[in-house]
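Peer 1: sequence first, then the predicted structure, then my questions.
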Amino acid sequence: MLVIKCARCKGKIFKYVKVGKGRLLHCWKARIVEDYSVRDGSEIKCQCGNLIGIDEGRWVKMKRRSFTYSGTVIKG
């Protein structure tokens, strides 16, 4: 379980189940456990207005350097 936070204000955005190693390029919507984000059309933003990613149907394409994450990754 990863906790994805805003890089600007450190507010929570998602609780996400990451499977496998590698960078977090996009988040599958089915693996998002809790969602604290603000949605503006297809844009996903933090409470402070920082753009985190773009909704692209089955996943959210994450914008690099606009978020940080911590937690454990499931090996699979």
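Peer 2: Ah, there it is. Numbers count the residues shown, from 1 in each chain.
Peer 1: list the contacts of Arg31.
Peer 2: Arg31 sits next to Tyr16, Val17, Lys18, Val19 when contact means Cβ atoms under 8 Å, 6 or more residues apart in numbering. (Glycine included, C-beta is placed from N, CA and C.)
Peer 1: how about the first one, what does it touch?
Peer 2: Spelled out, that is Tyr16. Met1, Leu2, Val3, Ile4, Cys27, Arg31, Ile32, Val33, Tyr69.
Peer 1: please report how far it lies from Val3.
Peer 2: 8 Å (Cβ to Cβ, to the nearest Å).
Peer 1: give me the common contacts of the two.
Peer 2: Tyr69.
Peer 1: can you go through the contacts of Tyr16 and name the buried ones?
Peer 2: Buried members of the contacts of Tyr16, scored by 16 or more other Cβ atoms under 10 Å, are Leu2, Ile4, Cys27, Ile32.
Peer 1: stretch 40-60: end-to-end distance?
Peer 2: Using Cα to Cα, to the nearest Å, one end of stretch 40-60 lies 13 Å from the other.
Peer 1: should've said stretch 41-51
Peer 2: 12 Å.
Peer 1: just the residues contacting that stretch, thanks.
Peer 2: Contacts of stretch 41-51 (Cβ under 8 Å, 6+ apart): 6-9, 11, 13, 36-39, 52-56, 60, 63, 66.
Peer 1: tell me the buried residues within those residues.
Peer 2: Members of the contacts of stretch 41-51 classed as buried by 16+ other Cβ under 10 Å are Cys6, Ile13, Ser37, Ile52, Gly53, Val60, Ser66.
Peer 1: biggest separation within those residues, which pair?
Peer 2: Greatest spatial distance among the buried ones among the contacts of stretch 41-51 (Cβ to Cβ): Cys6 and Val60, at 14.2 Å.
Peer 1: now, the buried ones among the contacts of stretch 41-51 that are in strands?
Peer 2: Cross-referencing those against strands under DSSP state E gives Cys6, Ile13, Ile52, Gly53, Val60.
Peer 1: so where's the protein uncertain?
Peer 2: Residue ranges of the chain with pLDDT under 70: 76.
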